[in-house]
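**Student:** Have a look at this prediction, sequence included:
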Amino acid sequence: MDSSEAQASSLLELPLFSKLTKRHQASLAKFAQLRVFPAGTDFIRQGEYTSDFFIVLSGIVTAYRTEKGGKTEILDQFTENEWFGELSALSNQPAMARYKADLPCVLAVLDGALFKELYSFAPDFKKQVDQIYRERSLAQHLRVVPLLKGLDKGLLSTLREAARFESHPKDSVLAAQGERASEIVLVRSGGLSKTRKNVEGAEELVGYLMANSSFGEWAFLDGEGDWKSTYKALVPTETLALPIASIQEAFAGQPEIIDRLRKTARLIAAEDQGIDTSLYDVDGPEATDEQLEIMVHSESIKGGEALVIDLEKCVRCNACVESCVAVHEDGVPRLSKKGKRVSKEGNALGKELSLTTSCYSCEAPGCMMSCTYGAIRRDSHGLIRFVWDNCVGCAECVKGCPYDVIRLTAPPDPEVAAATSWVSSLPLIGNLLAPPQESVPVPEADRGYHREQVVQGKAVKCDRCEGLPFEACVYNCPCGAIERMSPALIFDQSLLGMATNHIEEPQ
Amino acid sequence: MNTTLFRSRHSLVASIIVVGLFVIAQMGGISFGRGPHSDRTFILLSGWIALVMLVVVAAYVLRKYAHRGGYSPEKAFKVDHASLEKAENDLHRLQQRIRSGALKTPALIGAEAQNILKKNGVQRVNRVLVEPAPGGENAWTVRMVPTEPLGRVARWMHVHVFYGTAFGAVLLMHSGFIPGSAFGRTLAGLGYLVFVTGLIGIFLWARGPRWLTAREHDLSIEEASALHASLGRKRAEAVSVFSPEVAARFNRLGGGLGVSGSQQQVIIDDILDQLPDRRVEIQDLGALITQEMLVRRELRALQRVRASFMAWRIIHIPAALLLTGMVAVHVVSIWKF
C-alpha cells in the first residue's frame, strides 16, 4: 500500500467518512491532503480568504477571535477527530478567527471543491457537519446577526435546537415583500438579491446579501412585521432560519433582553428604509439617478478597482485590446471596451468616462458562487483569482458573471514549449541568437484533468497581467486614456455610504 | 480638447533646441541650407540634431510595436503567483508593524518594503508606494504597483510628438526652403510631408475624442458591433421556423444587400400575402430586421468615421518609413563621400 492509499484508509476510519460511497471514497483518497504544522504556527489569519476544511488528526488547534476594539478571546479548541472551516469551505468567505497549532499538529485538509462535493452529495457527511456546527459554532455564528450581536454566547446557545438549516435552489424566493415576516435568516453560503417595489410597482435592486449576512429584523416589530423587501437566491444558497417565536420563548423570562432586541430591530429597520430614500449625511450632496444606478446596479462601488477609459482622450485605436492579446499566449483578450458610459455630470471627475468590461472583483461574486470546482478564490487583497488547474471549463462562472467579463479558451495543449527568453522570440534573428528549446510534455498531474472530468476549456478573465511589471492595456495606451482607479475617485466619497449598511450599536 | 497631449517637459526641451539653433543662425548671419551665407558646421550640427530627433521619434514606434507584437523584453521578468502572494502577505505584516508604531518614517518603511520585494524575488515587477494614510499624523500605508520599466507609451508619445514637430523646424534650418539637388528636394519633401501629416494627426488626436464621443451617441462601435451580432442571431433563430424559401427572403433583407426601407416593406407585404395566418410573427420579424438594419447602418457610419479619423496614417507611416531609409542613405553618403 503506498502512502496515499495509507493516508486514504486512515481517513476512512474517521466517523465523519464512515458512510461514504465508493465514488466519494475515491475522491477523498485522491484530493484530500495532509499538512503538518509545528507548535505555535498561526496557519490561518483572521480575515484571510480560505476555502479549506480541516480535520485534526493529532495535536490541538485553538481558534482566536479579535473584535474591532482589539480584544482577543478564545473562540474554540479542536482536538483529535474534530474539525473546523466548514463555513469558509461552503462560502469562500474570510475566516472568522485566527487558527493556531498549540501542539505539533497533523491536519487532513479538504479543499472547497471536495468539501462541497461531499456536503452536497453525501447525506451522512452533511448531517454530521451540520450537527457539530449546531453544537459548537452556531451560537458564535449567530453573533454576526446584527439583531443578536450584543448577546452573550451562552444566551444564544439556547437557540441551538430551534435553528433550521435550509437549502434554496437558484432563483427561489426566500421572502416576498408584503408577506408576514416570522424569522431571522442568516446566509451560510451562496448569495441573495434584495429587491423592493418602487412607486410605479417595478422591482428595484436594493442590494445583495452574501454569506454571513442576515435579514429578518422586521419580524421583531409588533404590528409592522411584514417583509419590506423580496429576497431571492442568486445561486444555490444555504441558510439558517431562526423563528422569532423561539427567540421570544427562549428569553420569555428576561424582558430586558426582549426589549433590547426590539430597540435594535427598530434601529436596523430604520436604517434599512433609509437606504432607499435618503443619505446618511443629510447635509451631503444628493446622488443623481445615474449615480445610484451605476453604484448599485453595476456594483463598481463594491468591487475592487475599475478599469476606466477617459473618452476625452481615447482615440479608439484599440491598442489596449491588442496589447491584452499580445500578453496572453492563448490570444484571447481579457478586456472588452464595451462597458457602461458615465456622463460628465455622473462622476466626480467631470469627464465622459467608460467603465470597461473587466473584472470588478465584486463583493458578491456571481462567478465564485457558481463555481463548484474550487477554481475561483480571493487572494489576500480581496481580488478574485482563477485557479487554472481546478477549472474544467463548465462555464457556470461565465453564466454567473453579470458583466460578461469571463471568457472560455480552448482546452490546454498537453505539450507546451519550455519557456524561452525574449531574445529567441525576436523575428528573423531570434533563432540565431537563442535556439528555442524542445517541447517538453506536461506531466499528467499538471494537465488540468481534475475531478475525473474532461477539461472542456479554461475560464479566463482580466488578471491585471499578474506577474508582469505592467498592466498591458494601461501601459500601452498612447493617449493615457485608460487607467485603473478606485470607485471612490470616480464617485464622490460621501456617496459611498449609500451603498453599504452601517448598523449602529444600540445605546 | 485633450490637452494632456501637450503637457510634457519634452515640449520645453524641443523648444529650447529649435530656438537655440535659430538664434545661432541669426546671430551668425547664417542662411538655412546650402547657399551664399551657409555654414558647413551649422549644416552638420542641424543635420545631426535632426537625425537624433528622427531616431528618438522612431523609438516610440519600436516601443509601441514591440508590445503589440509580443516582443517586449519586460515579459522576461514575469514572476509566479506564489511569490506575489508571499510578498503581499509580508507587506501585510509590515503594515501591521507600521500601525503599531515600530516604523515611523517613509524612508524606513520604503527601505523595509523594498527588502521584502527583493526577498520574494518580485522587485523587478513591482515597486512599493508609501502614501499617507487616513488617521492622524505620521500614518502611512504601503501599496504595491507595477514597475513599468520602459515607461508608458503615453510618455513615449510625448517624445514622438514634440521631437517630431521640432524635427520639421530643424529640417528646414538644415536643408533650407528648396534644397539644391533632386535627392535633397525629395528627402526634404518627404520630411515636410511626414511633418505636416504628423501635425494633422496631433490635431485629430487632440480634438477627435470629443467628436467621436459625441458622434457615438451612447452607442460605441464595440456596442454596435455586439448588438448587430446579437440581432443577427435572433433573426436567424426567428426565421428558422419558416420554410427555406421564405427564410431565405428574410435573410436577404437582414443581410442588408442595399435594400431600401420601401423595398423592405414590399417584400414583407408579399410574404404576408403568402402567409396571412402568420401576420403577427411576420410583423415582429419585420421589426427585428428593421432594427438590425438600423444598427448595421450606424455601425458602418461609426466605422467610416473611425477610419477617416485614422486616414492621415496612410500617408504618415509609409512616408516616415521611406524617409528613414532615405535619411540612412543620406547619412552614409555624407559620411563616406
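**Tutor:** That came through fine.

**Student:** Alongside chain B, which residues does the stretch 251-400 of chain A contribute?
**Tutor:** A:311-317, A:319, A:322-323, A:326-327, A:336-338, A:341, A:352, A:354, A:379-381, A:385 (Cβ under 8 Å from any Cβ of the partner chain). C-betas here are computed from N, CA, C, even on glycine.

**Student:** Pretty sure B:Asn251 sits against B:Val239.
**Tutor:** Yes - under the criterion of Cβ atoms under 8 Å, B:Asn251 makes contact with B:Val239 at 6.1 Å.

**Student:** Looking at the two, which has the bigger crowd around it?
**Tutor:** When B:Asn251 and B:Val239 are compared on other Cβ atoms under 10 Å in any protein chain shown, the one with more neighbours turns out to be B:Val239, at 21 against 15.

**Student:** SS state for residue 130?
**Tutor:** Picking chain A for this. Assigned by DSSP: H, G, I helix; E, B strand; the rest coil, the conformation of A:Asp130 is helix.

**Student:** my question was about chain B
**Tutor:** Look at B:Val130: counting by three-state DSSP, its state is strand.

**Student:** So it versus chain A, what's the distance?
**Tutor:** Applying Cβ to the nearest Cβ, to the nearest Å, the value for B:Val130 to chain A is 17 Å.

**Student:** Could you tell me which residues make contact with that residue?
**Tutor:** Each residue near B:Val130 by Cβ atoms under 8 Å, 6 or more residues apart in numbering or on different chains is listed here: B:106, B:109-110, B:113, B:140-142.

**Student:** Just give the nearest non-adjacent residue to it, would you?
**Tutor:** Spatial nearest neighbour of B:Val130, excluding adjacent residues (Cβ to Cβ, 6 or more residues apart in numbering or on different chains): B:Pro106 at 4.5 Å.

**Student:** Could you tell me how many residues sit around the one you found?
**Tutor:** By other Cβ under 10 Å, 16 other residues sit near B:Pro106.

**Student:** Was I right to think it contacts B:Trp140?
**Tutor:** Yes - B:Pro106 is in contact with B:Trp140 according to Cβ under 8 Å; the separation is 6.1 Å.

**Student:** Report how many residues lie close to the nearest residue to A:Ala176 once chain neighbours are set aside.
**Tutor:** Nearest non-adjacent residue to A:Ala176, counting by Cβ to Cβ, 6+ apart: A:Thr230, 5.2 Å away. The number of residues packed around A:Thr230, counting by other Cβ under 10 Å, is 20.

**Student:** Same question for A:Lys228.
**Tutor:** Using other Cβ under 10 Å, A:Lys228 has 20 neighbouring residues.

**Student:** Give me the three-state assignment for it.
**Tutor:** Here A:Lys228 is recorded as coil under three-state DSSP.

**Student:** how about the strands of chain B, start to end?
**Tutor:** With DSSP state E, the ranges of strands along chain B come out as B:126-132, B:140-146.

**Student:** got JSON lines for those strands, with mean pLDDT and distance to B:Trp335 too?
**Tutor:** Output for those, formatted as JSON lines (pLDDT from 0 to 100; distance: least, Cβ to Cβ, whole Å):
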{"stretch": "strand B:126-132", "mean pLDDT": "88", "distance to B:Trp335": "43"}
{"stretch": "strand B:140-146", "mean pLDDT": "84", "distance to B:Trp335": "42"}
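
**Student:** Format these as CSV; extra columns: distance to A:Gly216.
**Tutor:** Below are the strands of chain B laid out as CSV (distance: least, Cβ to Cβ, whole Å):
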stretch, distance to A:Gly216
strand B:126-132, 41
strand B:140-146, 38
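
**Student:** For A:Tyr119, find the nearest of the ones you listed.
**Tutor:** When the strands of chain B are compared by Cβ to Cβ, strand B:140-146 sits nearest A:Tyr119, at 36.0 Å.

**Student:** and for that closest one, what are the contacting residues?
**Tutor:** For strand B:140-146, the external contacting residues (Cβ under 8 Å, 6+ apart) are A:465, A:468-471, A:475, B:87-88, B:91, B:94-95, B:98, B:106, B:109, B:113, B:117, B:125-133.

**Student:** List buried residues within these.
**Tutor:** Buried by 16 or more other Cβ atoms under 10 Å in any protein chain shown: A:465, A:468-471, A:475, B:87-88, B:91, B:94-95, B:98, B:106, B:109, B:113, B:117, B:125-128, B:130, out of the contacts of strand B:140-146.

**Student:** Where does the stretch 151-300 of chain B get nearest to chain A, residue-wise?
**Tutor:** With Cβ to the nearest Cβ as the measure, B:Ala154 is the residue of the stretch 151-300 of chain B nearest to chain A, at 3.5 Å.

**Student:** Tell me which of the strands of chain B lies nearest to A:Ala481.
**Tutor:** Evaluated with Cβ to Cβ, the strands of chain B place strand B:140-146 nearest to A:Ala481, the distance being 18.0 Å.

**Student:** So B:Ile271 versus B:Phe242, what's the distance?
**Tutor:** Counting by Cβ to Cβ, to the nearest Å, the gap from B:Ile271 to B:Phe242 is 9 Å.

**Student:** just for the stretch 51-200 of chain B, where's the confidence low?
**Tutor:** For the stretch 51-200 of chain B, the stretches flagged by pLDDT under 70 are B:70, B:134-138.

**Student:** got the residues of it near chain A?
**Tutor:** With the criterion set to Cβ under 8 Å from any Cβ, the stretch 51-200 of chain B comes near chain A through B:64, B:67-81, B:84-85, B:88-89, B:92, B:124-126, B:146-149, B:152-154, B:156-157.

**Student:** need the residues of the stretch 201-337 of chain B near chain A, please.
**Tutor:** Taking Cβ under 8 Å from any Cβ as the criterion, the stretch 201-337 of chain B approaches chain A at residues B:204-205, B:208-210, B:212-213, B:218, B:220-223, B:226, B:306, B:309-310.
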